[in-house]
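# missing the sequence, but the structure's below:
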Ligand code: GLV
Ligand code: MN
Ligand code: MN
């Protein structure tokens, strides 16, 4: 063999070897530094942060144990969970969350209405906060994952980051919001709405009472929150306090599971609205009052409930949904014509205009029904008529980056359920991470998310927070 040819062959072999070594190095996630993770150069103040994605481990068993323990703080028997705002179980659950936040080394504080914050200070003073969180209240007879995954999972995400040796530049904060569910006072996302600032809500709360006629302020007091209307107004967040808010949540729909995907990156949250309606009639004896003489408040409510379904179906879009989840009759006796009816209507759409047009039709229908049935429409009260919220590109990018780094399959999707993120979006760039849940079940005891899916969600959240905190 020619010596020249031999030298060329050896050089080629050497090059092949070298490029294999370089490729292996690039693929090895353990060699990635925080600078690569963040996508931004890290300066000397917050550099030397190299952590490996292999050391990114979630203590799934411990987390599952916490989810199980929290689910026992319930006013209904297992497997269902019922945890209502300011109830005894809610107070115990709050104590439980504060304890876990402290164990994670977070600095815990609570505001006047009971939003709970756990802070991990950043390496640079005075920067806006990167926050995450969700709720732990649970509607009657629901499951153990709705909201809870976004609170306990967020605290575990902090633990993951700590264990990996990460040091945030911006502060990181976990928030447990007060009463995302509207169960007790008919107002959803109470804590986050107040943070976003709503004088209308403050005025509503001044008059609000629950089904047992306990006022909002008395209920809060019984849970240890002795607050005044001024305290509520003062909760509003200053602009620029938060540079990002990310919420981890079960999907509450079937798409991720059906498509075999691990992560949903939420691009927008649908627009929810809720309405309270009351009809009043003369009531009377079920045997003695003949049909032509009746003005039955119960039938007026039933007719309105069917009208809601009709208008929703007529909207022309599968995205319009309407539910009558509460229908109460007074006096509630089999042999008494209802003299009062109370119904609560939930209407949602990703298209705000289309949702509003359904609400207008429902209003017209309530007026017509009251006229044709000779009942009084004593209340038609739109409790909330919220606009949708879009996720911020900066947060979407961070979530997508994290998902890709962790080699998890994902899709972009909208959230049809509402979340505290809808209101945090008014004060901060927002995004949401969804994980699959069994058959999309939620708001019922069968709600379930696997430890693997929860663990994936926690990792994506941790890496998203890490990236956002270095920006
Ligand atoms: C939240 O619980 C919702 O009803 O979307
Ligand atoms: Mn819920
Ligand atoms: Mn929820």
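Sure thing, it's come through. A quick note: this is a predicted structure, and the numbers were derived from the prediction, not measured. Ligands and ions are numbered 1, 2, ... in the order given.

# contacts, neighbours, all on C-alpha from now
OK.

# Residue 443 and residue 141 touch, don't they?
Yes. Using C-alpha atoms under 8 Å as the test, residue 443 is close enough to residue 141 to be in contact (7.4 Å).

# Helices along the stretch 201-350 of the chain, start to end?
With DSSP state H, counting those that start in this stretch, the ranges of helices along the stretch 201-350 of the chain come out as 216-222, 229-233, 255-259, 297-314.

# what comes into contact with the last one?
So that's helix 297-314. By C-alpha atoms under 8 Å, 6 or more residues apart in numbering, the residues outside helix 297-314 that reach it are 278-281, 283, 320-324, 327, 329, 337-343, 358, 361-362, 365-366, 369-370, 373, 375.

# Report the rounded mean pLDDT for that helix.
For helix 297-314, the per-residue pLDDT values average out at 98.

# can you give me how far it is from the chain middle?
Averaged C-alpha coordinates place helix 297-314 at 29 Å from its chain's average position (C-alpha atoms, centre = their mean, to the nearest Å).

# Work out for me the element residue 384 sits within.
Under the criterion DSSP states H and E, the helix or strand holding residue 384 is strand 376-385.

# circling back to that earlier point, out of the helices of the stretch 201-350 of the chain, nearest to ligand 3?
Closest to ligand 3 of the helices of the stretch 201-350 of the chain is helix 255-259 (C-alpha to the ion; 16.9 Å).

# For the closest one, which residues meet the burial criterion?
Of the residues in helix 255-259, those buried under the neighbour-count criterion (16 or more other C-alpha atoms under 10 Å) are 255-257.

# ok, of those residues, which one's closest to ligand 1?
Comparing these against ligand 1 with C-alpha to the nearest ligand atom places residue 255 closest, at 16.3 Å.

# What residues does that closest one make contact with?
Under the criterion of C-alpha under 8 Å, 6+ apart, the contact partners of residue 255 comprise 436, 440.

# what residues does stretch 228-241 touch?
111-113, 128-129, 194-199, 202, 206, 217, 427-428.

# Go through the residues you listed and flag which are in strands.
When the contacts of stretch 228-241 are checked against strands using DSSP state E, the ones located there are residue 129.

# From the contacts of stretch 228-241, list just the buried residues.
Under a neighbour-count criterion of 16+ other C-alpha under 10 Å, the subset of these counted as buried comprises 111-113, 128-129, 194-198, 202, 217, 427-428.

# pLDDT averaged over stretch 421-432 - what is it?
Mean predicted lDDT for stretch 421-432 stands at 98.

# Can you spell out the domain ranges of the protein, please?
Structural domains assigned to the chain are 53-270+388-470, 273-385, following automatic domain parsing.

# Now do the last one: distance to the chain's middle.
On the basis of C-alpha atoms, centre = their mean, the separation between the geometric centre of domain 273-385 and that of its chain is 29 Å.

# same thing with the first one?
Shown here is domain 53-270+388-470, whose average C-alpha point lies 6 Å from the average C-alpha point of the whole chain (C-alpha atoms, centre = their mean).

# quick one: that domain near ligand 1?
Yes. Applying C-alpha under 6 Å from any ligand atom, one finds that domain 53-270+388-470 is in contact with ligand 1 at 181, 417-419.

# Which two of these have the greatest separation?
181 and 417 (11.2 Å; C-alpha to C-alpha).

# more crowded one of these two?
More neighbours sit around residue 181 than around the other of residue 181 and residue 417, counting by other C-alpha atoms under 10 Å; the figures are 24 against 15.

# mind listing what the closest residue to ligand 1 within the chain touches?
Of all residues in the chain, residue 417 sits closest to ligand 1, with a separation of 3.4 Å (C-alpha to the nearest ligand atom). With contact set as C-alpha under 8 Å, 6+ apart, residue 417 has these partners: 252, 269-270.

# Identify each of the strands in the stretch 351-471 of the chain and give its residue range.
Remark: strands of the stretch 351-471 of the chain, listed N- to C-terminal, are 376-385, 389-390, 410-415, 430-435; assignment by DSSP state E, counting those that start in this stretch.

# Just list the residues touching residue 331, thanks.
Residue 331 is in contact with 338-340, counting by C-alpha under 8 Å, 6+ apart.

# In strands only, show me the residues you listed.
Per DSSP E, strands hold the following members of the contacts of residue 331: residue 340.

# Look up phi and psi at whichever residue of the chain sits closest to ligand 3.
Shortest the chain-to-ligand 3 distance, computed as C-alpha to the ion: residue-wise this is residue 147, at 4.2 Å. The phi and psi torsions at residue 147 (degrees, to the nearest 10) take the values phi 80, psi -50.

# per-residue pLDDT, it?
What the model reports for residue 147 is a pLDDT of 98.

# count of neighbours near the nearest residue to it once chain neighbours are set aside?
Spatially, and ignoring its direct neighbours in sequence, residue 147 is nearest to residue 135 (4.6 Å; C-alpha to C-alpha, 6 or more residues apart in numbering). Using other C-alpha under 10 Å, residue 135 has 28 other residues around it.
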